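Chemist: Model the structure of this input:
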Amino acid sequence: MLPKLLIGLIVDIFYVAITKALARRRRPTYAYQRDQMIIANVDKHSFPSGHCSRSTYVALFAHHYFARSSPLFTFMVSIWTVCVCGSRILLGRHHILDCLAGAMVGWANYTLQFHSPVPINLFGMFLIRAMFGTKAFNDPNDSDASDAFE
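Modeler: Sure, this is the predicted structure:
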């Protein structure tokens, strides 16, 4: 389960980085920007929101694995996702459309990983094992292809 989360989060970073490089939309100017100079900026672009994308992916991931066993946890993660997306708008780091697009990227990432016929999980596990060796994740269920298409 954790390797799949790691794969999804890494793939999400690539999706957001490529989209930001293509869109090149500047961050909003309506927020007080002087206090944000203290924070190290990774980029100057705002479309789509990486925070919203990853939080949406984590919420959908939690729903996929914990909806039946722990509905309260799934609900709390969903509330956290809404708070993350709202805070990005209220802090002036993103426009509303940036957050909506980020949520859509997170949803698309989840859909491609868990509901597509392309075995992204198996490819990701191959890359993780190539980078960290065969003992990176010793759980035999992590490399099992039986739930790659769930």
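Chemist: all contacts plus neighbour counts: C-alpha atoms, from now on.
Modeler: Noted.
Chemist: what's the neighbour count on residue 24?
Modeler: Using other CA atoms under 10 Å, residue 24 has 15 other residues around it.
Chemist: which residues touch residue 109?
Modeler: Residues near residue 109 by CA atoms under 8 Å, 6 or more residues apart in numbering: 8, 11-12, 57.
Chemist: so where does it fall, helix or strand?
Modeler: Secondary structure assignment for residue 109, by DSSP states H and E: helix 96-114.
Chemist: Okay, buried residues for that helix please.
Modeler: 96, 98-110, 112-114 (16 or more other CA atoms under 10 Å).
Chemist: Which strands and helices lie in contact with the helix or strand harbouring residue 5?
Modeler: In this structure, residue 5 sits in helix 2-23 according to DSSP H and E. With contacts defined as 3 or more CA pairs under 8 Å, 6 or more residues apart in numbering; DSSP states H and E, helix 2-23 has these neighbours: helix 50-66, helix 96-114, helix 120-132.
Chemist: where does the protein have low pLDDT?
Modeler: 28, 31-43, 118-150 (pLDDT under 70).
Chemist: Which of the contacts of residue 109 ranks first by neighbour count?
Modeler: Within the contacts of residue 109, most neighbours by other CA under 10 Å means residue 57, with 27 neighbours.
Chemist: How about the contacts made by that one?
Modeler: Taking CA under 8 Å, 6+ apart as the definition of contact, the neighbours of residue 57 are 8-9, 103, 106-107, 109-110.
Chemist: Could you do residue 15 as well?
Modeler: So residue 15 contacts residue 105 (CA under 8 Å, 6+ apart).
Chemist: where's it relative to residue 9, distance?
Modeler: 10 Å (CA to CA, to the nearest Å).
Chemist: Equivalent analysis for residue 53, please.
Modeler: Counting by CA to CA, the gap from residue 53 to residue 9 is 9 Å.
Chemist: which one of the two has more residues nearby?
Modeler: The residue with more neighbours, out of residue 53 and residue 9, is residue 53; 30 against 20, by other CA under 10 Å.
Chemist: In this structure that one contacts residue 98, no?
Modeler: No: checked against CA atoms under 8 Å, the pair residue 53 and residue 98 is beyond contact range at 9.8 Å.
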